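A.B. asks: requesting a structural model of the entry that follows:
(one chain, ligands or ions: 1)
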Amino acid sequence: ATGSAAAVPVDERFDIAYITPVTIGTPPQTLQLDFDTGSSDLWVFSSHTPPSQIRGQEVYAPNKSSTAKLLDGQTWSITYGDGSASRGNVYTDNFAVGGLTVEGQAVECAQQVSSSFTSEEHMDGLLGLGFSTLNTVSPKGQLTFFDNAKSKLDSPVFTADLKYREAGTYDFGFIDKAKYTGEIVYVPVEMDPGYWTFTSSGYAVGSGNFNAAPISGIADTGTSLVYLPNSILTAYYRQVQGATNSANYGGYVFPCSATLPAFTFGIGEARFTIPPAYISYAPVTEGSATCFGGLQSSRGIGVNIWGDVALKAAFVVYNGENPPKIGWANK
Ligand SMILES: Cc1nn(C)c(C)c1CC(=O)Nc1ccccn1
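C.D. replies: Coordinates of the predicted model:
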């Protein structure tokens with residue numbers, strides 16, 4: 001079996017996140033979820049979510065699905081690195097992504113969501129594609145959609161083809177040769193503590209020379225920006241007139257009119273270049289002449305994160321074989 005579904009920017013002006021249509025239950029209920037390789041819970045806005053916390057999101061109503069079953073006594077609670085959080089109870093139901101169906105998928109229903117989720121009106125929940133060891137359901141941890149689907153997939157892989165301000169694709173069970181150029185370069189994945197963690201071979205700022213240095217980090221589709229060691233950030237923003245690391249805005253900002261260099265990162269001998277446009281992420285507030293950078297410091301996070309700003313510069317293969325590996329190709 002295979003599946004394929006669109007990854008649509010939630011806000012076509014800035015790629016804050018990407019949403020993908022899924023169907024849950026019988027008859028099918030369609031929701032738009034943020035596919036997140038940086039976490040492993042599949043949770044949705046639901047009929048159990050307080051109406052005061054819902055602002056336009058679609059909700060999953062298990063009581064309207066003839067195939068929904070409450071997982072009695074199971075609860076979940078997740079807090080993401082940016083402080084956003086949600087929690088609730090758990091049902092199993094039929095779940096499909098782009099023609100690929102899993103029966104008995106654990107669907108975590110939100111009974112509480114934090115304000116940043118309420119304000120993201122087009123996002124009806126998250127679909128975790130990290131390793132199932134990270135799943136927060138207690139006392140019985142649940143499997144991700146990918147882990148449930150894996151045995152029936154033509155190949156135990158999924159791919160992410162995210163794009164700059166336009167719809168991309170998530171494919172399950174196959175690698176579409178039309179989506180990339182050249183060769184896919186694979187590097188090993190360290191699956192502890194449950195992220196898709198790999199090591200980049202180094203970086204270059206603009207047309208500068210390549211700094212060969214191992215940079216460990218996670219390939220995280222659910223995080224908008226790239227978070228790297230401060231030494232790399234200072235090397236980059238030194239090249240940007242008027243750039244400062246602003247305590248006020250919580251990161252590197254610069255005049256939106258500034259000329260930005262590209263940023264290149266290495267995967268083995270291969271090189272991937274993030275164009276300047278991806279790094280001039282967004283005005284700090286609507287209409288401001290100050291822009292927030294797509295490259296930020298990982299200081300205080302504890303892990304480097306290759307988020308959407310980097311992922312959309314490549315075609316990425318998440319290979320769930322044992323041992324897992326991650327493949328990168330230009331496109
Ligand atoms: C780990 C981390 N620290 N900081 C500052 C950030 C932004 C992260 C990444 C993060 O929170 N990602 C996320 C958020 C919500 C849903 C899915 N992924």
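
A.B. asks: most proximal residue of the stretch 151-300 of the chain with respect to the ligand?
C.D. replies: With Cβ to the nearest ligand atom, the shortest gap between the stretch 151-300 of the chain and the ligand falls at residue 222, namely 3.6 Å. Where C-beta positions appear, they are placed from N, C-alpha and C, glycine not excepted.

A.B. asks: doesn't residue 33 make contact with that residue?
C.D. replies: No - contact criterion Cβ atoms under 8 Å: residue 222 and residue 33 do not qualify, at 10.3 Å.

A.B. asks: who in this structure is up against the ligand?
C.D. replies: By the rule Cβ under 6 Å from any ligand atom, the part of the chain lying against the ligand is 36, 38, 39, 80, 81, 82, 84, 222, 223, 301, 305.

A.B. asks: if we can go back for a sec, report the contact partners of the residue of the stretch 151-300 of the chain closest to the ligand.
C.D. replies: By Cβ atoms under 8 Å, 6 or more residues apart in numbering, residue 222 lies in contact with 17, 34, 35, 36, 37, 38, 39, 80, 126, 307.

A.B. asks: top of these by neighbour count?
C.D. replies: Within the contacts of residue 222, most neighbours by other Cβ atoms under 10 Å means residue 37, with 29 neighbours.

A.B. asks: can you list the strands that the helix or strand where residue 96 lies pairs with?
C.D. replies: Using DSSP states H and E, residue 96 falls within strand 85-97. Neighbouring strands of strand 85-97 in its sheet, by DSSP bridges, are strand 18-24 (antiparallel), strand 69-79 (antiparallel), strand 100-113 (antiparallel).

A.B. asks: as TSV, those with mean neighbour count would be great.
C.D. replies: Listed next are the strands paired with strand 85-97 as TSV, based on neighbours: other Cβ atoms under 10 Å:
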stretch	mean neighbour count
strand 18-24	23
strand 69-79	15
strand 100-113	21
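
A.B. asks: I'd like these laid out as CSV, including distance to residue 282.
C.D. replies: As requested, the strands paired with strand 85-97 are exported to CSV (distance: least, Cβ to Cβ, whole Å):
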stretch, distance to residue 282
strand 18-24, 15
strand 69-79, 24
strand 100-113, 23
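
A.B. asks: so which of these gets nearest residue 164?
C.D. replies: Residue 164 sits nearest to strand 18-24 of all the strands paired with strand 85-97, at 11.2 Å, using Cβ to Cβ.

A.B. asks: would you mind writing the CA trace of that closest one as CSV?
C.D. replies: Output of strand 18-24 as CSV, limited to C-alpha atoms (Å, rounded to 0.1, in the frame of the first residue of the first chain):
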residue,chain,number,x,y,z
TYR,A,18,2.0,22.9,6.9
ILE,A,19,-1.4,21.1,7.1
THR,A,20,-2.5,17.9,5.5
PRO,A,21,-6.0,16.5,5.1
VAL,A,22,-6.9,13.3,6.9
THR,A,23,-10.1,11.4,7.4
ILE,A,24,-11.2,9.8,10.7
